[in-house]
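# predicted coordinates and the sequence they were generated for:
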Amino acid sequence: MAKNTTQKNSLNEAASPELAFAKTRLGKALLEMLSEGSNSYQSIANFLLRNHVRVTAMGIEELAASCEVSTATISRFARDVGFNNYAAMRNEVAETLQNLFQPVEKLRNTIERRNHATTPSTASMEYAIANTDSANQGLSVETLDGVVDVITKARTVYVMGFGLSAHLAAILSLHLQPFCQHVVEVVGYGGTEVAAGHLAQISDKDVLIVISFPRYALDVIKLTHFARDHATSIVSITDSTASPLANLGDYLLLAPSTHPVLPSSSSAAIAVIEALVSKLMVSNKKNVEKAQKLTEALSSYLHGAEVPTAGQKSKRKNE
């Protein structure tokens with residue numbers, strides 16, 4: 001899977017504050033702890049990777065409570081990632097973030113500081129706006145160009161998502177259908193067994209777009225590893241660099257999914273999917289023509305739609 005991986009990943013380095021943070025010395029150390037550390041260390045690393053801005057204002061007791069570990073464990077963690085104490089690690093986070101701005105974190109903190117008069121529905125809408133703003137900030141043109149390129153060249157585009165992400169996969173598959181040689185919605189009806197069957201013949205001529213948000217399905221991780229082992233180009237759409245899918249893809253599209261009540265929000269994911277499809281549709285003239293033909297084909301089945309017949313078109317041209 002070494003094919004162009006370095007080149008592809010380099011496209012993502014400046015894509016968003018979260019990705020930039022993950023590329024720093026501290027970010028790399030946290031990602032290592034996330035994959036290889038003890039359960040308590042994984043909990044701390046996961047929290048730090050997902051809450052950069054918030055951590056800069058947290059004392060050691062507050063962080064320990066948030067991670068459900070002791071303050072002594074926080075201190076040991078700080079030393080094990082190369083700092084004298086927790087304060088030194090927190091200062092490093094602050095300095096690293098000095099030139100990075102994450103509107104979603106800023107708005108989260110604002111919401112959390114408000115009194116309890118804020119209704120759950122209002123908070124939900126505000127989180128959706130913040131998540132979408134953060135996704136927009138991190139969505140680079142270069143990364144989208146790279147994803148569109150591999151989709152356009154692929155023999156088959158496989159789209160995979162389990163649980164709530166299955167609905168996102170269905171939306172993306174429907175959008176891609178008119179513009180790709182062949183699109184397969186991997187999960188569909190039938191779960192893991194059907195998904196594995198769809199991926200049985202996947203190869204380096206294909207691309208797998210995998211979508212997963214908290215709570216992450218174990219099956220999606222295993223099947224993504226299977227596709228990666230077969231040299232397939234992989235596009236990961238997920239919520240954070242701390243996601244188990246973040247390091248499995250050649251391309252990473254981040255869609256923050258924080259929500260005050262639900263396990264995760266899909267608002268930013270839908271926005272990212274629509275941005276990707278829009279980029280694909282206008283990437284060449286043939287896709288624009290395909291979109292027009294699709295509109296014409298569907299028009300007779302849509303309420304209020306009217307597309308001129310061939311005779312009418314000819315008459316208008318002569319006018």
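Okay, I see it. Residues are numbered from 1 along each chain as shown.
# what segments of the stretch 51-200 of the chain are strands?
Remark: strands assigned in the stretch 51-200 of the chain by DSSP state E, counting those that start in this stretch are 157-161, 183-185.
# what's the closest of the ones you listed to residue 250?
strand 157-161 (13.9 Å; Cβ to Cβ). Yep, even glycine has a C-beta here, placed from its N, CA and C like the rest.
# packing partners of that closest one?
Strand 157-161 is packed against helix 165-176, strand 183-185, strand 207-211, helix 218-229, with contacts defined by 3 or more Cβ pairs under 8 Å, 6 or more residues apart in numbering; DSSP states H and E.
# list the buried residues in the last one.
Read that as helix 218-229. Using 16 or more other Cβ atoms under 10 Å as the burial criterion, the residues of helix 218-229 that qualify are 219, 220, 221, 223, 224, 226, 227, 228.
# one more: stretch 272-286?
Buried positions in stretch 272-286, judged by neighbour count with 16+ other Cβ under 10 Å: 272, 273, 275, 276, 277, 279, 280, 281, 283.
# same check on stretch 129-145?
Going by 16+ other Cβ under 10 Å, stretch 129-145 has these buried residues: 130, 131, 132, 133, 134, 135, 137, 138, 139, 140, 143, 144.
# now, which of those residues lie within helices?
Within the buried residues of stretch 129-145, residues falling in helices by DSSP state H are 130, 131, 132, 133, 134, 135, 137, 138, 143, 144.
# report the contact partners of the second one.
Under the criterion of Cβ atoms under 8 Å, 6 or more residues apart in numbering, the contact partners of residue 131 comprise 104, 255, 256, 257, 258, 265, 267, 268.
# elements contacting the host helix or strand of residue 236?
Element membership for residue 236, per DSSP states H and E: strand 233-238. Here strand 233-238 touches helix 141-153, strand 207-211, helix 218-229, strand 251-254, helix 267-281, going by 3+ Cβ pairs under 8 Å, 6+ apart.
# picking up where we left off before, quick check: which of the helices and strands packed on strand 157-161 is nearest to residue 25?
helix 218-229 (26.3 Å).
# for that closest one, packing partners?
Using 3+ Cβ pairs under 8 Å, 6+ apart: helix 218-229 touches strand 157-161, helix 191-198, strand 207-211, strand 233-238.
# adding mean neighbour count, write these out as CSV.
Output for the helices and strands packed on helix 218-229, formatted as CSV (neighbours: other Cβ atoms under 10 Å):
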stretch, mean neighbour count
strand 157-161, 27
helix 191-198, 15
strand 207-211, 27
strand 233-238, 26
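# lowest-confidence stretch among those?
Note on those: helix 191-198 shows the lowest mean pLDDT, a mean of 86.
# number of residues surrounding residue 59?
12 (other Cβ atoms under 10 Å).
# same question for the one 3 residues further on.
Here the neighbour count serves as a burial measure; for residue 62 (other Cβ under 10 Å) it reads 13.
# then stretch 67-80 to PDB, C-alphas only?
Taking C-alpha atoms only, stretch 67-80 is exported to PDB below (Å, rounded to 0.1, in the frame of the first residue of the first chain):
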ATOM      1  CA  CYS A  67     -10.800  10.900  31.300                       C
ATOM      2  CA  GLU A  68     -12.000   8.900  34.400                       C
ATOM      3  CA  VAL A  69      -8.400   8.400  35.600                       C
ATOM      4  CA  SER A  70      -6.400   9.600  38.600                       C
ATOM      5  CA  THR A  71      -4.300  12.700  38.600                       C
ATOM      6  CA  ALA A  72      -1.200  10.500  39.200                       C
ATOM      7  CA  THR A  73      -2.000   8.700  35.900                       C
ATOM      8  CA  ILE A  74      -2.200  12.100  34.100                       C
ATOM      9  CA  SER A  75       1.200  13.000  35.500                       C
ATOM     10  CA  ARG A  76       2.800   9.700  34.400                       C
ATOM     11  CA  PHE A  77       1.200  10.100  31.000                       C
ATOM     12  CA  ALA A  78       2.800  13.600  30.600                       C
ATOM     13  CA  ARG A  79       6.200  12.200  31.600                       C
ATOM     14  CA  ASP A  80       5.900   9.300  29.200                       C
END
